[in-house]
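Undergrad: Structure for the following, please:
(one chain, ligands or ions: 1)
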Amino acid sequence: MTHTLRIQRLAHAQDLPLPRYESPGAAGMDLVAANAGDVVLRPLQRALVPTGLILQLEPGFEAQIRPRSGLALKHGITVLNTPGTVDADYRGEVQVILVNFGSESFTVTRGMRIAQMVVAPVTTVEIATVEAVDETSRAGSGFGSTGLTQGRT
Ligand SMILES: O=c1ccn([C@H]2C[C@H](O)[C@@H](COP(=O)(O)OP(=O)(O)OP(=O)(O)O)O2)c(=O)[nH]1
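TA: Predicted coordinates for the structure are as follows:
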């Protein structure tokens, strides 16, 4: 189902392309950097990169800020807090926390496609405290427990 996403482009992003799906089946829309000058990320350095966009998400939806796999593979550039969460009631500028896990410095230039945004439905819950939660056969097993008896990882 298609929803309308209202986007306000800030003054410093008027000349930049709006997010758009690059193919009919794409889940994410690329976000471009709206920094005025170059942002140089040295290895292991992170930076908050502006997009110049304010979203008006419908209640019940979020926008997830995710890395682009090409930047990750070629340069070690990823989104540090992936997936970043943009709440439906947030009315500030969407920004992207990029980090350089590569071994070379990386320059983020204005207009560069730095991340992608996936709009997704959100389920909200009511919290009910209980004395004890329901039992299951798995109980507390986890953290790799399923492979232990067969010697698998
Ligand atoms: O990658 C991100 C993550 C968040 N945000 C914006 C939208 C989001 O609605 C708001 C708050 O994000 P989050 O809840 O992750 O931040 P927090 O560290 O918990 O701060 P706060 O106390 O302001 O919620 O910041 C972004 O622009 N980019």
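Undergrad: give me every residue that touches the closest residue to residue 4 other than its chain neighbours.
TA: The shortest distance from residue 4 to any residue other than its chain neighbours is 7.9 Å, reached at residue 58 (CB to CB, 6 or more residues apart in numbering). To be clear about C-beta, it is placed using only N, CA and C from the backbone, and glycine gets the same treatment. Counting by CB atoms under 8 Å, 6 or more residues apart in numbering, residue 58 touches 3-5, 88.
Undergrad: Compare the residues you listed and tell me which is most surrounded.
TA: Neighbour counts for those were taken using other CB atoms under 10 Å; the highest belongs to residue 5, which has 16 neighbours.
Undergrad: taking the contacts of residue 58 as a set, which two sit the farthest apart in space?
TA: 4 and 88 (13.5 Å; CB to CB).
Undergrad: Just want the most central residue of the protein.
TA: residue 65 (1.7 Å; CA atoms, centre = their mean).
Undergrad: what kind of secondary structure is that residue in?
TA: Secondary structure for residue 65, judged by DSSP: H, G, I helix; E, B strand; the rest coil, is strand.
Undergrad: Return the residues in contact with the closest residue to the ligand within the chain.
TA: For the chain, the residue closest to the ligand is residue 84, as judged by CB to the nearest ligand atom, at 2.3 Å. By CB under 8 Å, 6+ apart, the residues touching residue 84 are 64-66, 96-97.
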